[in-house]
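Enquirer: Quick one, what's the 3D model for this:
(chains A and B)
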Amino acid sequence: MSTVIDVPARFDEWAFDQFAEGFAAAQGSARVLVDAHACEWISPFGLVGLLAAGQALLEQHGRPAVLTAPADRDVAHFWARMGFFTHAKELFELHGAVPRVRGGDSRVLLEVTPVRAVEDVHAVVQHIQDRSAEILTTELGLDPKATMGFGMALSEACQNIVEHAGTGGWVSVHAYTWKRTLGKRVVVIAVADAGVGFRHTLEPTQAKRFGERWSDSAALEAAVLQNVSRFRDPGRGQGLAGIRRYLGRWQGKISIRSGTARIAILPPWDEGDDLPLREQLPPFPGAQVQLVIPAGAQETR
Amino acid sequence: MITQIDVRTILSRIGPDRRDLVTRPTGRAVRTSIETELAQLAGWSVVVLDFTDVRLMDLSCADEIVAKLLHAWVGPAAPARVCFLVRGLNDHQIEDVEEVLRGQRLALVAESQGALRLIGEVADQWRVAFERLATKGRSAAEDLAADLAWPLDDVRAALTELALRQLILEDAGDYLPPQVA
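Expert: Sure, this is the predicted structure:
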């Protein structure tokens, strides 16, 4: 039996649960079609999340799922310029018109980039610091001090894949207008993998402590709010704490989805629109992280 | 004796020319290289870790380099008597390093805007004693007690603790901040 997973017309973090629901329903299907033909807009979270889905489907079925490219020429071009199809062709059987574009769009902060090893983390950070720091400061009005911390946050978010996911993942950085609550430009880092997820990573050291409460949400709480790591080394667990501190300085937002739960540290501008913790979401493998930094943010102490 | 270590030079020595201190393996490699230099030391030394030409440092490297050097080189079992001083970090980086150290009850001296300050986990009273010593320079406990208007025993306790944690130097009954030019 074949199952179709619809890619939402506007595919961002908010629409991800709708996508994950389709993904969960496709479990056990002999053939899966991921249908993006009607997609009109996609965020970096959507792009890297789609690749994570492709990887998970490939691992589950032993063969690639079909992905139909967006029918809208401009949308498909955008996906191509973001480097999506370069990686998608390794995971999906691509159908529809896949535009050929030259890479290296100087306005793109960071194309979809695979993260498999520490060398990839170095390359990603160096790219942002060498080529995108100017865009961050001049076009987005980020304080130069904020761009330095940006590299740190990017590094730590990517290292979570290398150290914990048990598989590779992807990262992408875009700037766009956050219409939903802020009404101004933001810089967004999206990182996704289809690995083992927070619960599995922390289970050997934390499950006993939480007892019956042990769940995806408990694992996210432990990692994000209590700086818990699977390693016993007291220096571990600092990465997410450092990201939180950085985002706190610049009125930024972090949200992490893993398994069936999502946790978010909300800045004042998003408190009325989002929830700090959501549980019983449609299951999706691995971890998906989004960091949002508003343009022109003033440092808070 | 003062030993200056340019962390960027070490970073470029261990691999492709980079300016960013990111990832744990890189931090470990930098620390190992620094420890090779520290192994040459004998007696008391002030070791300046100069980050001026490093573009950014993530928390993983702050832990792998700074915190783990303190674990290994501060205390009675340390291979040499070393007082570490970090230089060239901006305020945010100092804050990040401070958080990494606090979590492990560690502390070290940072040069920031031309002044010496303690970062990490240190009792408030010791911090005050350190700052006064850093301003005053070489002092006996009695001088510092008079200066701070504290009981001599309190000053002695603070200085002894600071010296034990290798945050200040002790020489012929006097105490010195790890002052460098």
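Enquirer: Please tell me the pLDDT value assigned to residue 89.
Expert: As the question left the chain open, I've gone with chain A. The predicted local distance difference test score for A:Lys89 is 96.
Enquirer: actually chain B
Expert: Reported pLDDT for B:Leu89: 95.
Enquirer: what's the answer for A:Ala38, then?
Expert: Looking at A:Ala38, its pLDDT is 97.
Enquirer: Would you confirm that it contacts A:Arg10?
Expert: No - using C-beta atoms under 8 Å, A:Ala38 makes no contact with A:Arg10, being 10.3 Å away. To be clear about C-beta, it is placed using only N, CA and C from the backbone, and glycine gets the same treatment.
Enquirer: max-length helix in chain B?
Expert: Secondary structure of chain B per DSSP state H: the longest helix is helix B:24-38.
Enquirer: Do a quick rundown of the helices in the stretch 151-300 of chain A.
Expert: Remark: helices assigned in the stretch 151-300 of chain A by DSSP state H, counting those that start in this stretch are A:197-210, A:216-225, A:238-249.
Enquirer: go on, chain B?
Expert: All helices of chain B, identified by DSSP H, fall at B:7-13, B:24-38, B:59-61, B:68-73, B:91-102, B:124-136, B:141-148, B:152-164.
Enquirer: Nearest approach to chain A belongs to which of these?
Expert: Closest to chain A of the helices of chain B is helix B:59-61 (C-beta to the nearest C-beta; 4.0 Å).
Enquirer: Any figure for the gap between A:Phe16 and A:Ala146?
Expert: From A:Phe16 across to A:Ala146, the span is 27 Å (C-beta to C-beta, to the nearest Å).
Enquirer: Compare neighbour counts for the two and give me the winner.
Expert: Between A:Phe16 and A:Ala146, counting by other C-beta atoms under 10 Å in any protein chain shown, A:Phe16 is the more crowded of the two (26 against 23).
Enquirer: now that one, nearest residue through space, not along the chain?
Expert: A:Gly49 (5.8 Å; C-beta to C-beta, 6 or more residues apart in numbering or on different chains).
Enquirer: Check the burial of A:Arg73 by counting its neighbours.
Expert: Around A:Arg73 there are 10 residues (other C-beta under 10 Å).
Enquirer: Tell me the confidence at it?
Expert: The model reports A:Arg73 with a pLDDT of 95.
Enquirer: For it, list the residues it contacts.
Expert: Taking C-beta atoms under 8 Å, 6 or more residues apart in numbering or on different chains, we find A:Arg73 in contact with A:Ala97, A:Pro99.
Enquirer: What's the separation between it and chain B?
Expert: Distance, A:Arg73 to chain B, using C-beta to the nearest C-beta, to the nearest Å: 38 Å.
Enquirer: separation between that residue and B:Pro178?
Expert: For A:Arg73 relative to B:Pro178 (C-beta to C-beta), the value is 65 Å.
Enquirer: what do you get for B:Pro76?
Expert: B:Pro76 is 19 Å from B:Pro178, by C-beta to C-beta.
Enquirer: Of these two, give the one with the bigger neighbour count.
Expert: A direct count of neighbours by other C-beta under 10 Å for B:Pro76 and B:Pro178 places B:Pro178 higher, at 23 against 5.
Enquirer: For the more buried one, give its distance to B:Arg28.
Expert: Separation of B:Pro178 from B:Arg28 (C-beta to C-beta) stands at 25 Å.
Enquirer: near chain B, which residues of chain A?
Expert: With C-beta under 8 Å from any C-beta of the partner chain as the criterion, chain A meets chain B at residues A:118, A:121-122, A:125-126, A:129, A:145, A:148-149, A:151-152, A:155-156, A:159, A:162-163, A:227, A:234-239, A:241-242, A:245-246, A:249.
Enquirer: Restricted to buried residues, select the residues you listed in PyMOL.
Expert: Of these, the buried ones go into a single PyMOL selection, burial set by 16 or more other C-beta atoms under 10 Å in any protein chain shown:
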select buried, chain A and resi 118+121+122+125+126+129+145+148+149+151+152+155+156+159+162+163+227+234+235+236+237+238+239+241+242+245+246+249
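Enquirer: The residues of chain A next to chain B in strands, which ones?
Expert: Counting by DSSP state E, the residues of chain A next to chain B place none of their members in strands.
Enquirer: for the stretch 201-301 of chain A, which spans come out with low pLDDT?
Expert: A:301 (pLDDT under 70).
Enquirer: hmm, back to that, quick one: the helices of chain B as TSV, columns for distance to chain A and mean neighbour count too.
Expert: Converted to TSV, these look like this (distance: least, C-beta to the nearest C-beta, whole Å; neighbours: other C-beta atoms under 10 Å in any protein chain shown):
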stretch	distance to chain A	mean neighbour count
helix B:7-13	11	18
helix B:24-38	5	18
helix B:59-61	4	29
helix B:68-73	7	19
helix B:91-102	6	20
helix B:124-136	19	18
helix B:141-148	29	17
helix B:152-164	20	18
